[in-house]
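K.L.:
Give the three-dimensional model of this entry:
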Amino acid sequence: MKVALVHDWLTGMRGGEKVFERIARRYPEAPIFTLVWKRGSVSAALESHPIHTSFLQRLPRAARAYRWYLPLFPAAIDGFDLSAYDVVVSSSHAVAKGVRTGNAFHLSFVHTPMRYVWELEEQYFPPGRFPWPVASFVRATCARLRRWDVATAGRPSALLSNSAHVAERIRRHWGREATVVYPPVEVERFRPSTAPRDGYLLAGAFAPYKRGHLALEACASLGRRLVVTGSGQEETRLRRVAGNGADFRGWVADQDLPQLYGRARALLFPGEEDFGIVPIEAMASGCPVIAFGRGGAVETVGRGASAEALAAVAAGGVATVPGGVLFGTQTREGLIAAIEHFERERFDPEALARQARPFSVEAFDRGFEQAFERAYSAWASGVAASSR
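P.N.:
Numbers count the residues shown, from 1 in each chain. Predicted structure coming up:
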């Protein structure tokens, strides 16, 4: 079978790219189609594939400023014609699931429907950020992208999602069902640490929806030490919020993460994530997680929690769960309450590591293969039935 792979853009190795890298390992000869590629920004394994880019690649500063070309994303993905392939596997958090595949079987692993035009439009494009008439154009663009997103939701033959949280979002926005396959996390790289733990850790990409400023504000209010690792478009704002009250380390290499997790009292995770790889890595290191109790954290940090604990969090409160502490009010005060609650608790590093194991690379490989086989068999049976 001729297989093609599709991913929205290749400009760094974040969580979505790590999932895509694992999928691509299954098809070492398959070409990759992507809107924009910044050479050298992703793994050698991904860059060993033939990579084809859209017309966006030829626009000014595309590899760095591709987000400014958001209105052109649908046209760019529509520019690929993959009808010559038998199977297409897309990894989508923006427009990749809308690629045209002709009569090919198309399985799309959906990290999320475009969050910045659905739930998080106000966070990414807050009122007052752009002057009129730019603000009016931004609103119209988001509305047009939502219509396109729904109109192309039927293009994949089958959908996978990275969490039950995202599966529900797919059902709500697209009216389709998705099979949950949790992303692969290299939990075997991490070991429960017995080193002294001091201070809190905020780690990952600096994006608006991750609400990193809440961690900075809460720790400043409590006088707690906070180590911050990562980078992204919110970095300037976060540094301004922090002043001199946090230790910014920049983007940390993967091999240095175990030591950071191993020395942190807890990981602070104040955003609503679709899944969240960082909390899994922290728990695998024996590091508890203090997380906002919505989204993927409920399925990872809160896996195995009692109904009473989850109900308390859903009502806006704080509760101890197997992976740490969940809080239900996404404010500085809500996180302060969660930190104070956490500091009265004790967690077993070995138990935290066990909490992470169901999200291993091996579990992903099994889940993806089984989901692919079921979806392909159903699709092939439908094709055969329609041809009779």
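
K.L.:
where does the stretch 1-150 of the chain have low pLDDT?
P.N.:
Along the stretch 1-150 of the chain, segments meeting pLDDT under 70 span 120-123, 126, 128, 130.

K.L.:
That one: strands as residue ranges?
P.N.:
With strands called from DSSP state E, counting those that start in this stretch, the stretch 1-150 of the chain shows them at 3-7, 32-34, 51-53, 87-92, 105-110.

K.L.:
Adding distance to residue 187 and mean neighbour count, write those out as JSON lines.
P.N.:
C-beta: built from backbone N, CA, C; applies to glycine. Output for the strands of the stretch 1-150 of the chain, formatted as JSON lines (distance: least, C-beta to C-beta, whole Å; neighbours: other C-beta atoms under 10 Å):
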{"stretch": "strand 3-7", "distance to residue 187": "24", "mean neighbour count": "24"}
{"stretch": "strand 32-34", "distance to residue 187": "27", "mean neighbour count": "24"}
{"stretch": "strand 51-53", "distance to residue 187": "29", "mean neighbour count": "17"}
{"stretch": "strand 87-92", "distance to residue 187": "21", "mean neighbour count": "26"}
{"stretch": "strand 105-110", "distance to residue 187": "20", "mean neighbour count": "24"}
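
K.L.:
Adding distance to residue 231 as columns, could you present the ones you listed in CSV?
P.N.:
Output for the strands of the stretch 1-150 of the chain, formatted as CSV (distance: least, C-beta to C-beta, whole Å):
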stretch, distance to residue 231
strand 3-7, 20
strand 32-34, 21
strand 51-53, 23
strand 87-92, 22
strand 105-110, 25
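
K.L.:
what about these, which gets the closest to residue 313?
P.N.:
Proximity to residue 313 (C-beta to C-beta) singles out strand 105-110 among these, at 25.6 Å.

K.L.:
Tell me the strands beside that closest one, with direction?
P.N.:
Neighbouring strands of strand 105-110 in its sheet, by DSSP bridges, are strand 87-92 (parallel), strand 158-161 (parallel).

K.L.:
buried sites along whichever helix or strand comes after the shortest one?
P.N.:
It refers to strand 158-161. Using DSSP states H and E, the helix or strand that follows strand 158-161 in sequence is helix 164-174. Within helix 164-174, the residues that qualify as buried by neighbour count (16 or more other C-beta atoms under 10 Å) are 164, 165, 166, 167, 169, 170, 173, 174.

K.L.:
Run a quick neighbour tally on the nearest residue in space to the second one that is not next to it in sequence.
P.N.:
Pointing back at residue 165 there. Nearest residue to residue 165 in three dimensions, chain neighbours excluded: residue 295, at 4.9 Å (C-beta to C-beta, 6 or more residues apart in numbering). A count of neighbours around residue 295, defined by other C-beta atoms under 10 Å, yields 23.

K.L.:
Same check on the one 5 residues further on?
P.N.:
Using other C-beta under 10 Å, residue 300 has 28 neighbouring residues.

K.L.:
And it, its phi and psi?
P.N.:
With angles defined as degrees, to the nearest 10, residue 300 sits at phi -110, psi -70.

K.L.:
do residue 270 as well
P.N.:
phi -90, psi 0.

K.L.:
try residue 267
P.N.:
phi -90, psi 130.

K.L.:
And residue 324, by the same measure?
P.N.:
phi 150, psi -120.

K.L.:
Make sure it is actually in contact with residue 288.
P.N.:
Yes: the pair residue 324 / residue 288 is scored as a contact, 3.7 Å apart, by C-beta atoms under 8 Å.

K.L.:
Overlap of the contact sets of these two?
P.N.:
266, 267, 342, 347, 352 (C-beta atoms under 8 Å, 6 or more residues apart in numbering).

K.L.:
residues contacting the residue nearest to residue 165?
P.N.:
Contact analysis of residue 295 by C-beta under 8 Å, 6+ apart lists 163, 165, 272, 273, 274, 275, 276.

K.L.:
From the contact counts, what lies against the helix ranked longest in the chain?
P.N.:
Counting residues, the longest helix in the chain under DSSP state H turns out to be helix 361-387. Here helix 361-387 touches helix 15-25, strand 105-110, strand 158-161, strand 179-180, going by 3 or more C-beta pairs under 8 Å, 6 or more residues apart in numbering; DSSP states H and E.

K.L.:
Ok, which of the strands paired with strand 105-110 comes nearest residue 64?
P.N.:
Counting by C-beta to C-beta, residue 64 lies closest to strand 87-92 out of those; the figure is 21.4 Å.

K.L.:
so how far is that closest one off the chain centroid?
P.N.:
17 Å (C-alpha atoms, centre = their mean, to the nearest Å).

K.L.:
Repeat that for stretch 198-213.
P.N.:
For stretch 198-213, the distance to the chain centre is 14 Å (C-alpha atoms, centre = their mean).

K.L.:
Quote the end-to-end distance of that stretch.
P.N.:
End-to-end distance for stretch 198-213: 20 Å, by C-alpha to C-alpha, to the nearest Å.
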